[in-house]
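*Asks:* sequence and computational prediction follow.
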Amino acid sequence: MAKAAKREYVWLQCKECKDLNYRTSVNVMGGTPKLELKKYCKRERKHTEHKIKRK
């Protein structure tokens with residue numbers, strides 16, 4: 001049987017307005033990833049850098 005994947009849900013937080021805009025799952029098998037993405041921020045009305053924020 002296949003093993004369950006080691007995945008965890010995290011929030012993506014905007015670096016400019018500190019809003020928690022997106023929720024996604026990441027693979028934590030080899031440690032916590034340093035993920036930074038350019039996503040759309042509703043408050044800023046433009047694409048900004050988002051980083052991982054755990055609740």
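*Replies:* Alright, I've got the coordinates.

*Asks:* any idea of the pLDDT on the residue positioned nearest the centre of the chain?
*Replies:* Among the residues of the chain, residue 12 comes closest to the average C-alpha position under CA atoms, centre = their mean, at 3.4 Å. Confidence at residue 12, expressed as pLDDT, is 96.

*Asks:* mind checking the SS state of it?
*Replies:* Three-state call for residue 12 (DSSP: H, G, I helix; E, B strand; the rest coil): strand.

*Asks:* list the contacts of residue 14.
*Replies:* Residues near residue 14 by CB atoms under 8 Å, 6 or more residues apart in numbering: 21, 39, 41, 43-44, 48-50. Backbone N, C-alpha and C define where each C-beta goes, glycine included.

*Asks:* any chance of those residues in JSON lines, with secondary structure too?
*Replies:* Shown next, in JSON lines, are the contacts of residue 14 (three-state DSSP):
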{"residue": "21", "secondary structure": "strand"}
{"residue": "39", "secondary structure": "strand"}
{"residue": "41", "secondary structure": "strand"}
{"residue": "43", "secondary structure": "coil"}
{"residue": "44", "secondary structure": "coil"}
{"residue": "48", "secondary structure": "strand"}
{"residue": "49", "secondary structure": "strand"}
{"residue": "50", "secondary structure": "strand"}
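
*Asks:* who wins for most neighbours among those?
*Replies:* residue 50 (24 neighbours; other CB atoms under 10 Å).

*Asks:* mind listing the residues bridging to the nearest residue to it once chain neighbours are set aside?
*Replies:* When the adjacent residues along the chain are set aside, residue 50 lies closest to residue 12, with 4.0 Å between them (CB to CB, 6 or more residues apart in numbering). For residue 12, the beta-bridge partners are residue 22, residue 52 (DSSP bridges).
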